[in-house]
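# return atomic coordinates for the entry below.
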Amino acid sequence: EVQLVESGGGLVQAGGSLRLSCAYSGFTSDNHAIGWFRQAPGKERERVSCISGSGRSIWYADSVKGRFTISRDSAKNTVYLQMNNLKPEDTAVYLCAAGRTCLGAYKNWGQGTQVTVSS
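Sure, this is the predicted structure:
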């Protein structure tokens, strides 16, 4: 059974940092990309970042480039999203998902973790 579990969300002031973790199981990590998405109330789900199964391909949304860093520890079956210089507009539920390619469709999703950035 494929499972993805996010952790690390919380409340932080603008300019602060958080590191999200996505622990996954039930599939071979080398064959699956992991993506981070976010969804704010009243807004569409947005792809934030993704990393390929090999870890060699990485993508970021323009809105987070230079502030967020994605990384993968295949030995721990975990993908991290380091978020620095957080802004109030980063407030959302952050979800991780598994798919075959970084910018393709994602089949399996976690439950999400709330990130709230106060001004």
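# which one is Arg47 nearest to, not counting chain neighbours?
Nearest residue to Arg47 in three dimensions, chain neighbours excluded: Phe37, at 5.4 Å (C-beta to C-beta, 6 or more residues apart in numbering). C-beta coordinates here come from the backbone N, C-alpha and C atoms, glycine included.
# quickly find the element holding the one you found.
strand 33-39 (DSSP states H and E).
# what lies in contact with the next helix or strand after that strand?
Next in sequence after strand 33-39, counting helices and strands by DSSP H and E, comes strand 46-51. Strand 46-51 has contacts (C-beta atoms under 8 Å, 6 or more residues apart in numbering) with 33-39, 57-61, 63-64, 68, 70-72, 79, 81, 92, 94, 102-103.
# from the residues you listed, list just the buried residues.
Buried subset of the contacts of strand 46-51 (neighbour count, 16 or more other C-beta atoms under 10 Å): 33-38, 59-60, 64, 68, 70, 72, 79, 81, 92, 94, 102.
# point to the residue nearest the middle of this protein.
Trp36 (2.6 Å; C-alpha atoms, centre = their mean).
# quick one, what contacts that residue?
Residues near Trp36 by C-beta under 8 Å, 6+ apart: 20, 22, 47-50, 70, 79, 81, 94-96.
# as JSON lines, these with pLDDT and distance to Gln114 would be great.
Listed next are the contacts of Trp36 as JSON lines, based on pLDDT from 0 to 100; distance: C-beta to C-beta, whole Å:
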{"residue": "Leu20", "pLDDT": "98", "distance to Gln114": "11"}
{"residue": "Cys22", "pLDDT": "97", "distance to Gln114": "15"}
{"residue": "Arg47", "pLDDT": "96", "distance to Gln114": "18"}
{"residue": "Val48", "pLDDT": "98", "distance to Gln114": "14"}
{"residue": "Ser49", "pLDDT": "98", "distance to Gln114": "18"}
{"residue": "Cys50", "pLDDT": "97", "distance to Gln114": "21"}
{"residue": "Ile70", "pLDDT": "98", "distance to Gln114": "19"}
{"residue": "Val79", "pLDDT": "96", "distance to Gln114": "18"}
{"residue": "Leu81", "pLDDT": "98", "distance to Gln114": "14"}
{"residue": "Tyr94", "pLDDT": "98", "distance to Gln114": "8"}
{"residue": "Leu95", "pLDDT": "98", "distance to Gln114": "11"}
{"residue": "Cys96", "pLDDT": "98", "distance to Gln114": "14"}
